[in-house]
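> Here is my input, please return the structure:
(4 chains)
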There are 4 protein chains.
Amino acid sequence: MAQSTPADEAISDLVAANRILANEGVLDGFGHVSVRHPSTPGVYFMSHSIAPALVTAADIVEHDFENNAVHAKDRDKKLYYERWIHGELYKARPEVNAVVHSHSPTVVPFASTKAPLRPLLHNASFLGFGAPVFEIRSVMRHSDLMISSASLAKAMVAAMGSASVVLLRGHGNVVVGPTIPITVFRAYYTEINARQQLNAIALGPHDVVYMDAGECETTDKIMQSVAGRPWQLWKAKALGKSPGG
Amino acid sequence: MAQSTPADEAISDLVAANRILANEGVLDGFGHVSVRHPSTPGVYFMSHSIAPALVTAADIVEHDFENNAVHAKDRDKKLYYERWIHGELYKARPEVNAVVHSHSPTVVPFASTKAPLRPLLHNASFLGFGAPVFEIRSVMRHSDLMISSASLAKAMVAAMGSASVVLLRGHGNVVVGPTIPITVFRAYYTEINARQQLNAIALGPHDVVYMDAGECETTDKIMQSVAGRPWQLWKAKALGKSPGG
Amino acid sequence: MAQSTPADEAISDLVAANRILANEGVLDGFGHVSVRHPSTPGVYFMSHSIAPALVTAADIVEHDFENNAVHAKDRDKKLYYERWIHGELYKARPEVNAVVHSHSPTVVPFASTKAPLRPLLHNASFLGFGAPVFEIRSVMRHSDLMISSASLAKAMVAAMGSASVVLLRGHGNVVVGPTIPITVFRAYYTEINARQQLNAIALGPHDVVYMDAGECETTDKIMQSVAGRPWQLWKAKALGKSPGG
Amino acid sequence: MAQSTPADEAISDLVAANRILANEGVLDGFGHVSVRHPSTPGVYFMSHSIAPALVTAADIVEHDFENNAVHAKDRDKKLYYERWIHGELYKARPEVNAVVHSHSPTVVPFASTKAPLRPLLHNASFLGFGAPVFEIRSVMRHSDLMISSASLAKAMVAAMGSASVVLLRGHGNVVVGPTIPITVFRAYYTEINARQQLNAIALGPHDVVYMDAGECETTDKIMQSVAGRPWQLWKAKALGKSPGG
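Residues are numbered from 1 along each chain as shown, chains lettered A, B, ... in the order given. Down below sits the predicted model:
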């Protein structure tokens, strides 16, 4: 039997990431996850346009950074409408190897008010590096709110700066990281932090103690090192079910 | 084996719609879904009076627009107490081919306060065409709050105007659309938008950024075109279980 | 095979009621459900002291109205600590044939504040007949908050008056009705109404439109007549699982 | 077949405790549970560093009170990063025989605001003995918020005093008790009380009636005596699934 290559392993992790985030309620029928090709420059892996909970290895398509299918066999497949998010992030952010776009339910309210999403829970220390809101109206009127072109993706990337998370007004968010497990960890804890921050604000809007910059810097290093622990659990839970089950 | 007809397919989608909306928490033990007959004028399909989670193809009854069973074999069956909603909508709104009536849990609070349900999330752009509240007291005192007659249904239809959603005070809501998958999509995202709007108002009641009219118009077209994606997922999840399971 | 008697059927419904209310999140590891014996005066059926989700027909014990086991075979069994609730209600309220005591999670906050639980949703029209709070401190200091004696139960029954629901401060609630399905319906919709009322108050505390007395009277009659519909669904869901599953 | 020893039984209960608290949503991919060795002084049982939902008897490691593995066979295993919590508590509190550390989701907001967690629900009467917040900044700047040393654990134990619960700002909480079932009971009802208190504060922040000191003292005794009832239920639910399932 042939040994699995780094590309095989990336695809296997990418399938797990789709199924995990659907199973944990971060992704619903929409949203997508990608991973940079581990060896071929200018290429990333992502499913063609189906619900994340249904993704299997057979659905993964190699995309170039202009977000076209690399291989002839994939050129008839419908690709995600907002795939520009991925190509522009891989071009602009060499340290980024994985990208999650979701409609994470409790993050949307933060994207649609002036309340900034801030790090409350230590697992979400990456929020200390910023979680800006991209207001699409600043570049386009009467849009469908989606990142459906390279120019919209470039504007979103600019608004994001060096943050790990950007919120999309009226729509959702985008999370990046150095590996798939760390990016899934961040997407999950962005949602959890949003729920806990919403509750904390209800208890006393002027009283909430957030993590400070020093705490965030120290903590994010540790969290990156332990992201494999929930990853193993989430994988066992999500892949124990049939796709969509 | 005989080919399936458009009517067979409508019934199959109608069964799926009942089971999906129960599985996703939009319908509880009450509520109902109907679809206009694809070829026979003046007829629609709907289950007899059982919980939506239990509906199978054998439960579907052809109703005329006066909401009586068309066929003799169905005349002994108990029909839904509020079936007038369906007949009056099909008579008044030729562009409507499917109707969902639910007690969608987070929509009821919007039906019972002055807070208007407004489009916050792009998936719910159809709310931009209005989501008025029908106050049954405006036409009937000491009622049971239900749409249990043709005249109550006519008053509800009038209050609804050309909107895709009408809220029923102290009771629930009614959602319409051009196809079953689009109507299910709208019923689902009416609930999701209500949850997110409730959270956004908690974060800052005066700060919430809603979608504007131009955004809603652009976005609703796209959403109608992609409603098939979550439909496939929801169907896989709901029909993988036994009825009521 | 012997025909099933009314007493057999009452026991079968009582088992279903325990399992349904646990499955729907109204009962947790605590709480209990009883039914008046259909033919023997002064007797009611209730499980011995186990978690409701685990109750089977073999666990049901005949209790007299002093809350002792009627039969010698049951005298070694540990009975519920708060069984006085049941005996006193059957003595005082001849129209009551079933009783649910639960820690229904969203009702406790209403039991512990000045916010009265009021009928918002038509399914909860029975709340229009009152949902008073029994403050145990009015009769006993430094108590364990539980209804652990005949005298505490009598005080609770007095506070309840002719209502269908009484809230117990810091503890839970008690719901009564003429049949098991109607009482289960009321226990379930007490929880749902509490959630929706909490949300409505968050949207605008001074704006909430509650059902009026005339609406409640009309609606409760209808709801009693349709309580069998969700009962069938809930039973299918709850009894499809093994006890506690 | 050999009889099971008290140590075997402690391990069996410890596995159940991990799986129960994961299944009930108190523990996520992180957190840990330990039990004092029933006969060997200076030793406690706890899993090596894996997600609690995945713990089986084979994962349990004997730790000494300096939090090192007692047996050579376990010395290569990665141990929990915050195991100091356990060793310091067993040294300082002879009445404590079990410890749960969790990120219980609704407790974090109370750990990050000035709103004290107080006993609202009778099951949570142990909160009447205090639920102080440990602010790690009072002893260390720019920390990762975790109890990753003996000195941090000693500071946490000092802040906790004789309480059964201590909240960790931006992080989670620690719960102790005389037996595993009682400690699991307390960890579970700490979360439930937090949810109900949050809702009660939303209904009327100045109106909430908490349990008084006399009620807490009376009630905690009863609750300790009945903690075995939900324990049986939770065990049936959690152990009916495969680890992580």
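> and the closest residue to chain B within chain A, how many neighbours?
Residue of chain A nearest chain B, by CB to the nearest CB: A:Gly29 (2.7 Å). C-beta here means a position set from N, CA and C on the backbone, and glycine is covered the same way. Neighbours of A:Gly29 under the rule other CB atoms under 10 Å in any protein chain shown: 25.
> how about the closest residue to it other than its chain neighbours, what does it touch?
Take A:Gly29 and drop its neighbours on the chain: the residue closest to it by CB to CB, 6 or more residues apart in numbering or on different chains is B:Pro230, 2.7 Å away. For B:Pro230, the contact set (CB atoms under 8 Å, 6 or more residues apart in numbering or on different chains) comprises A:28-30, A:51, B:185, B:188.
> Next secondary structure element downstream of the lengthiest helix in chain A?
The residue-count maximum for a helix in chain A (DSSP state H) belongs to helix A:180-203. Toward the C-terminus, helix A:180-203 is succeeded by helix A:213-226 as the next helix or strand (DSSP states H and E).
> count of residues packed around A:Leu167?
Using other CB under 10 Å: A:Leu167 sits among 27 other residues.
> That one and A:Phe110 touch, don't they?
Yes - under the criterion of CB atoms under 8 Å, A:Leu167 makes contact with A:Phe110 at 6.1 Å.
> Common neighbours of the two, please.
With CB under 8 Å, 6+ apart, A:Leu167 and A:Phe110 have common neighbours A:117, A:131, A:133.
> Of those residues, which is the most crowded?
Counting by other CB under 10 Å, top hit in the shared contacts of A:Leu167 and A:Phe110: A:Ala131 with 26 neighbours.
> how close does the residue nearest to A:Gly29 sit to chain C?
Separation of B:Pro230 from chain C (CB to the nearest CB, to the nearest Å) stands at 24 Å.
> Name whatever forms a beta bridge with the spatially most central residue of chain A.
Chain A has A:Val100 as the residue nearest its centroid, 1.8 Å off, counting by CA atoms, centre = their mean. Assessed by DSSP bridges, A:Val100 has beta-bridge partners A:Val33, A:Val175.
> do you know how far it is from A:Pro181?
Here A:Val100 is placed at a distance of 12 Å from A:Pro181 (CB to CB, to the nearest Å).
> number of nearby residues for A:Lys221?
Burial of A:Lys221 is recorded as 10 neighbouring residues (other CB under 10 Å).
> how much space between it and chain C?
39 Å.
> Next: A:Arg137.
A:Arg137 sits at a distance of 26 Å from chain C (criterion: CB to the nearest CB).
> any idea whether that residue is helix, strand or coil?
helix (DSSP: H, G, I helix; E, B strand; the rest coil).
> neighbours around it, how many?
Neighbours around A:Arg137, by other CB under 10 Å: 15.
> Nearest to chain C: which residue in chain A?
A:Ala202 (8.7 Å).
> got a list of what that residue touches?
Counting by CB under 8 Å, 6+ apart, A:Ala202 has contacts B:202, D:109, D:198, D:201-202.
> From those residues, pick the one nearest A:Gly87.
B:Ala202 (36.6 Å; CB to CB).
> Regarding the residue nearest to A:Gly29, what is its secondary structure?
Going by three-state DSSP: B:Pro230 is helix.
> follow-up on the earlier one: among the shared contacts of A:Leu167 and A:Phe110, which are in helices?
The members of the shared contacts of A:Leu167 and A:Phe110 all map outside helices under DSSP H.
> So which bits of chain A are right by chain B?
Proximity of chain A to chain B, by CB under 8 Å from any CB of the partner chain, involves residues A:28-30, A:49-51, A:53-54, A:81, A:103, A:105-106, A:108-110, A:112-115, A:135, A:141-146, A:169-171, A:198, A:201-202, A:242-245.
> Please check those and keep the buried ones.
By neighbour count, with 16 or more other CB atoms under 10 Å in any protein chain shown, those hold A:28-30, A:49-51, A:53-54, A:81, A:103, A:105-106, A:108-110, A:112-113, A:115, A:135, A:143-146, A:169-171, A:198, A:201-202, A:243-244 as buried.
> Find the closest residue to chain D in chain A.
Residue nearest to chain D within chain A (CB to the nearest CB): A:Pro230, separated by 2.7 Å.
> how close does that residue sit to C:Pro41?
From A:Pro230 to C:Pro41 the distance is 59 Å (CB to CB).
> One more: A:Thr56?
65 Å.
> Which one's more surrounded, these two?
Shown here are A:Thr56 and C:Pro41; by other CB under 10 Å, A:Thr56 has more neighbours (13 against 8).
> Which pLDDT value belongs to that one?
For A:Thr56, the model assigns a pLDDT of 97.
> and the gap between A:Leu200 and D:Ser138?
Careful, residue A:200 is Ala and not Leu. To D:Ser138, A:Ala200 is 20 Å away according to CB to CB.
> just to revisit the earlier point, what would the contacts of B:Pro230 look like in CSV with pLDDT and distance to B:Ser12?
Listed next are these as CSV, based on pLDDT from 0 to 100; distance: CB to CB, whole Å:
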residue, pLDDT, distance to B:Ser12
A:Asp28, 94, 24
A:Gly29, 94, 20
A:Phe30, 96, 24
A:Ala51, 95, 20
B:Phe185, 98, 17
B:Tyr188, 98, 19
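> CA-only coordinates of the helix or strand of chain A with the lowest mean pLDDT in PDB, if you can.
Within chain A, confidence by mean pLDDT, DSSP states H and E is lowest for helix A:228-239 among all helices and strands, at a mean of 94. C-alpha atoms of helix A:228-239 as PDB (Å, rounded to 0.1, in the frame of the first residue of the first chain):
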ATOM      1  CA  GLY A 228      -4.500  19.100  19.000                       C
ATOM      2  CA  ARG A 229      -6.400  18.000  22.100                       C
ATOM      3  CA  PRO A 230      -9.900  19.100  21.300                       C
ATOM      4  CA  TRP A 231      -9.100  18.400  17.600                       C
ATOM      5  CA  GLN A 232      -8.900  14.600  18.500                       C
ATOM      6  CA  LEU A 233     -12.200  14.800  20.400                       C
ATOM      7  CA  TRP A 234     -14.000  16.700  17.700                       C
ATOM      8  CA  LYS A 235     -12.800  14.400  15.000                       C
ATOM      9  CA  ALA A 236     -13.900  11.300  16.900                       C
ATOM     10  CA  LYS A 237     -17.400  12.900  17.300                       C
ATOM     11  CA  ALA A 238     -17.800  14.200  13.800                       C
ATOM     12  CA  LEU A 239     -16.300  11.400  11.800                       C
END
